[in-house]
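> one predicted model, sequence on top.
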Amino acid sequence: MSLLQQIHSPADVKKLSIPELSLLAEEIRERLIVGVSRTGGHIGPNLGVVELTIAMHYVFDTPHDSFVFDVSHQAYVHKLLTGRADRFETIRQPDGLNGFMLRTESEHDSFGAGHAGTALSAALGMAVARDMNGGDEHIIALAGDAAFTNGITMEALNNIASSTKRLIVVLNDNAWSIDRNVGAIASYFHKIVTNPTFVTWHDRAVDLIERIGGKAAKHVAQKAEGAAKGLIGPGMLFEEFGLNYFGPIDGHDLPLLIETFKFLKQQNKPVLLHAITQKGRGFQPALEKQKKFHGLGPYDPETGETKPTGQKTYSEIFAESLTKLADSNDRVVAITAAMPNGTALDLFRPHHPKRYFDVGIAEEHAVIFAAGMATKGYKPFCAIYSTFLQRAFDPIVHDVCLQNLPVVFCMDRGGLSGDDGPTHHGLFDISYLRGVPNIVHMVPKDEDELADMMYTAMLYDAPSAIRYPRGIGPGVAVKEKPVALEIGKAEVIRDGHDVAIFGLGALLPLAVTMSDRLAAEGLSAAVINPRFAKPVDRECIAAYARQCGLIVTFEDHVLAGGFGSAVLEALNSLELQVPVIRIGWPDEFIEHGKVDALREKYGITVEAAMKQARPFLDAIAQSRLVAH
């Protein structure tokens, strides 16, 4: 039996010797590489925290002690060590383990996450609550260096020392988020890591731990702390925030990590341990292609190769279209919040490097930065996933829309994000943008229309947003020159006089299929491509409301406040009464799973629409008979 097979809870980790823990680390890496090759997932980040996670579980006691993982995409090792190893092959699969920390999944998952920058705030909240309760548990926040470019992390740092006397922050420094980290914080960490003083003390630390063991830990930590304080003058950044800084240490050196955590466990003050790790460690393809192996679909566990799709994704079409717009318009700029790979702006960057801006994991800053550029005559295209743009809602309202600045929000992953689950589904952007004055919201039916909408947005002298799905589209070729669309004008795909079916964006094919089904029953059903979630085409809605006995709307979005709601509002203001069936996502957080299966489960299907429509269809057919 392997060592990993003997681990059923963190208590089993504590039974192993140090040499056995090193063997366990090797087994875990093999399990990660093989397991994730079948399911896809965040392989690179997890390979980098194997020893850190083992050491934390060896020294601390969850669930009494709480581990808070920033983003928590690096929690696979934690799951393997907390009684979920026998289900690991189900990760990110329907009814399987979630790819992130999930409180309802295990008592060892103290705080759920999926977005960056939340760990320190959550951990501080737990620590303060512990202090108020008179508890003795330890709270440990594990955050990557990229999370420190996020404003929420800095806000938490500002409050830690004044709020609690006991908190452990682990800075997992691997110099990457998805792409290589950027900005002053990244440069600052690099200065620490490359400082000769620290290199010397790291070497001495390893030697002392090997020769003397735990007795040397306090001495080493104190020396490292003293050297750290002298690095940039009278005090380091974290020291100025009131956290005692220790490190940097080798985040893959298990004996050193264990002794250091034992030492930090005794400290009655907020501390920060700076651990240097290697993203993708133990898997050569992940080391050679850091961006690709941050998170990906299934791959060959030997070579790391993935199956080519043979078709461009919406993200790639977006980047290529933006590159063409920038070729002909020197005022076009591209902005991303640490997601050049995910948004495909890494394809734009080589063509226009001086007009490409990665601001780190800082969505609020990205939006206000874009607003500032817009005041000087530039046309910023701000590429942020729909789920991440939620974090910048106030800047969208206050800094962009209130001032009516021509910023374009390009919302990748608009709609269901499948295996990533509720933290990544982009199901709310129509609702949270539709009520904001001045903004136009567009939704393309295919790749070519996406290019047209980007061209339209470039010409439009006010805020605009475009949402498009994850992955590939229907495969429609993009024409050489895009055309400008009339703002708020829908496209009638098929005329009809019994039923009007509006299929928004990627769900237009469902509208076409339903129309075909109705035609087979002898009913005439119009198919409309709305194009605009705001403003909706009131003339089109009114025309079909007057001639049809039923309106149906399909949208890859929550029903509350979505496109169907906009249609109802338009009908109400027009004082037109016609039955409306809205097909979209319910007022729930949708779990992870395969898109088609989730749509089937929640009734985002033609069959569900037909079932709801049946009484009205029968009435339409009956009225026809009476008329004849």
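Structure received.
> for the residue nearest the centre of the chain, helix, strand, or coil?
By Cα atoms, centre = their mean, the chain has its centre lying nearest to residue 424, at 4.9 Å. On the three-state scheme (DSSP: H, G, I helix; E, B strand; the rest coil), residue 424 is labelled coil.
> what's the neighbour count on the nearest residue to it once chain neighbours are set aside?
Spatial nearest neighbour of residue 424, excluding adjacent residues (Cβ to Cβ, 6 or more residues apart in numbering): residue 417 at 4.1 Å. Every C-beta, even on glycine, is put in place using the N, C-alpha and C of the backbone. Neighbourhood size, residue 417 [other Cβ atoms under 10 Å]: 24.
> residues in contact with residue 417?
By Cβ atoms under 8 Å, 6 or more residues apart in numbering, the residues touching residue 417 are 387, 424-426, 470.
> of those residues, which is the most crowded?
Busiest of those [other Cβ under 10 Å] is residue 425, holding 27 neighbours.
> count the residues that sit near the residue nearest to residue 467 when sequence neighbours are not counted.
Spatially, and ignoring its direct neighbours in sequence, residue 467 is nearest to residue 414 (2.9 Å; Cβ to Cβ, 6+ apart). By the criterion of other Cβ under 10 Å, residue 414 has 30 neighbours.
> please report the distance of residue 414 from residue 536.
Separation of residue 414 from residue 536 (Cβ to Cβ, to the nearest Å) stands at 17 Å.
> over to residue 270?
To residue 536, residue 270 is 52 Å away according to Cβ to Cβ.
> with residue 249 instead?
Taken as Cβ to Cβ, the span from residue 249 to residue 536 is 58 Å.
> how about residue 383?
Per Cβ to Cβ, residue 383 is found 25 Å from residue 536.
> do residue 579 as well
From residue 579 across to residue 536, the span is 18 Å (Cβ to Cβ).
> and if you look at residue 410?
21 Å.
> ok, now residue 301?
Residue 301 is 49 Å from residue 536, by Cβ to Cβ.
> residue 161: what's it in contact with?
Shown in contact with residue 161 (Cβ under 8 Å, 6+ apart): 241-243, 270.
> SS state for it?
Going by three-state DSSP: residue 161 is helix.
> where in the stretch 201-350 of the chain is pLDDT low?
Residues of the stretch 201-350 of the chain meeting the criterion pLDDT under 70: 201-235.
> residue ranges for the strands of it, please.
According to DSSP state E, counting those that start in this stretch, the stretch 201-350 of the chain carries its strands in the segments 244-250, 270-276, 332-336.
> how about these in CSV, adding mean neighbour count?
Listed next are the strands of the stretch 201-350 of the chain as CSV, based on neighbours: other Cβ atoms under 10 Å:
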stretch, mean neighbour count
strand 244-250, 22
strand 270-276, 24
strand 332-336, 25
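> any idea which of the ones you listed gets closest to residue 87?
Across those, residue 87 has its closest neighbour in strand 270-276 (28.4 Å, Cβ to Cβ).
> helices and strands around the closest one, which ones?
Packing partners of strand 270-276 (3 or more Cβ pairs under 8 Å, 6 or more residues apart in numbering; DSSP states H and E): strand 167-173, helix 184-194, strand 244-250, helix 254-265.
> counting contacts, what elements does the first one pack onto?
In terms of contacts (3+ Cβ pairs under 8 Å, 6+ apart), strand 167-173 is packed against helix 50-59, helix 119-133, strand 139-144, helix 184-194, strand 270-276.
> redo these as a markdown table? Include distance to residue 258.
Below are those laid out as a markdown table (distance: least, Cβ to Cβ, whole Å):
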| stretch | distance to residue 258 |
| --- | --- |
| helix 50-59 | 5 |
| helix 119-133 | 21 |
| strand 139-144 | 14 |
| helix 184-194 | 22 |
| strand 270-276 | 12 |
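> most packed of these?
Most buried of the helices and strands packed on strand 167-173 by mean neighbour count (mean count of other Cβ atoms under 10 Å) is strand 139-144; its value is a mean of 27.
> tell me where the stretch 451-600 of the chain has strands.
Along the stretch 451-600 of the chain, counting by DSSP E, counting those that start in this stretch, strands occupy 464-467, 491-494, 499-503, 525-529, 532-534, 550-558, 580-585.
> can you list the strands that the fourth one pairs with?
Okay, so that is strand 525-529. Strand pairing for strand 525-529, determined by DSSP bridges: strand 491-494 (antiparallel), strand 499-503 (parallel).
> residue 260 against residue 273, yeah?
Yes: assessed by Cβ atoms under 8 Å, residue 260 is found in contact with residue 273 at 6.4 Å.
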